[in-house]
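S.K.: Kindly return the folded structure for what I paste below:
(one chain, ligands or ions: 1)
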Amino acid sequence: MTADRAKNVEPVLEVKGLMLEIAGEQRVADLCFSVNAGERVCLLGASGSGKSLTAKMITGTPPAGAKLSGSIRVNGIEVCGKHPVARCAQSRVATVFQDSSTALNPLMTLGKQLNLALPAASADELAAMLERVGLDEIPNFAARYPAELSGGQRQRLCIALAMQSSSALLVADEPTTALDVLTQQRVLQVMRDACENAENPRALLFITHDIAVAAQLCGRALVMENGRLVESASMAQLLNNPQHAYTKRLVAAAKHSTALHRNASALCAVAV
Ligand SMILES: Nc1ncnc2c1ncn2[C@@H]1O[C@H](COP(=O)(O)OP(=O)(O)OP(=O)(O)O)[C@@H](O)[C@H]1O
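M.R.: Now for the predicted structure:
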């Protein structure tokens, strides 16, 4: 199968009957879903519901000793249980994880790491990339080491690098958690643009427990509870007519917090 045919005909990500067991305990059970090119899908769920383990199986980095079964196809190519370096270029996954501290080489300057990661990029292209994620105003950026950035700055750099990769699938696990609200908006826009790229539309699996952030970015939602998928719907359906008890609680809590924000803004307006 050619890359073009795979891109046009099959979903970029197709998960079927996926299971994961750690030390004899089932942590993820019978997952089935798919994500098409250009689609932004969020994976929601409470803490411990299995979102990160699902992301790790898709990216090829499950915990050591975990037992996987089922199927994960990226661009039509089976990758379940395959380490990232054993995957062919077409089936590689660009990733951004919650903790950016391990994604960069602590002993190499940022300039060197950018040149290694993107050898064909011109100085202008690198500057534009840094500007998109708000890192362009940091003095002596290229000469700094990762430890000389804040956690949020490191996270933005990792997001920018993932966006530059040619992978058709991006898996982002809580990528905006460490960011302030304005930077978060900027990063969401970068991810939106990467998926909507007309020449190379990407599929995004966005993992979060924050339904408000998910609603800004994603058109479709999957909800996990206790390692299982309990709801799958368009974002609009999920917000207007949640079906599962957990989703109902999540939506009600998000609406309550939005109402609180609205009241707080009204109070501020009165105070002024
Ligand atoms: N390496 C591991 N060894 C044993 N159990 C694990 C391991 N990693 C995760 N688990 C367990 O598997 C379950 C799912 O974990 P996972 O990290 O996928 O949750 P999550 O939905 O991403 O939660 P959070 O939103 O808090 O990040 C949890 O009960 C967790 O304790």
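S.K.: residues contacting whatever residue of the stretch 151-272 of the chain ends up closest to the ligand?
M.R.: Nearest residue of the stretch 151-272 of the chain to the ligand: H209, at 5.1 Å (Cβ to the nearest ligand atom). In this view, the C-beta of every residue, glycine as well, is placed from N, C-alpha and C. Counting by Cβ atoms under 8 Å, 6 or more residues apart in numbering, H209 touches 44-47, 51, 174.
S.K.: Just the buried ones out of these, please.
M.R.: Buried by 16 or more other Cβ atoms under 10 Å: 44-45, 51, 174, out of the contacts of H209.
S.K.: which one of the residues you listed sits closest to L130?
M.R.: Closest approach to L130 among these (Cβ to Cβ): E174, at 22.3 Å.
S.K.: What does the pLDDT read for that closest one?
M.R.: According to the prediction, E174 has pLDDT 89.
S.K.: That one - nearest residue in space that isn't next to it in sequence?
M.R.: Q98 (4.2 Å; Cβ to Cβ, 6 or more residues apart in numbering).
S.K.: residues in contact with T176?
M.R.: Applying Cβ under 8 Å, 6+ apart, the residues near T176 are 155, 184, 187-188, 208, 213.
S.K.: Next: L104.
M.R.: L104 makes contact with 110, 113, 146, 154, 157-158, according to Cβ under 8 Å, 6+ apart.
S.K.: Shouldn't it be within a helix?
M.R.: No: under DSSP: H, G, I helix; E, B strand; the rest coil, L104 falls outside any helix and is assigned coil.
S.K.: For the residue nearest in space to the middle of the chain, give me its contacts.
M.R.: In the chain, the residue lying closest to the centroid (Cα atoms, centre = their mean) is A172, at 1.5 Å. A172 makes contact with 95-96, 159, 162, 191, 204-207, according to Cβ under 8 Å, 6+ apart.
S.K.: Who is it paired with across the strands?
M.R.: Bridge pairing for A172 (DSSP bridges) gives the partners V96, F206.
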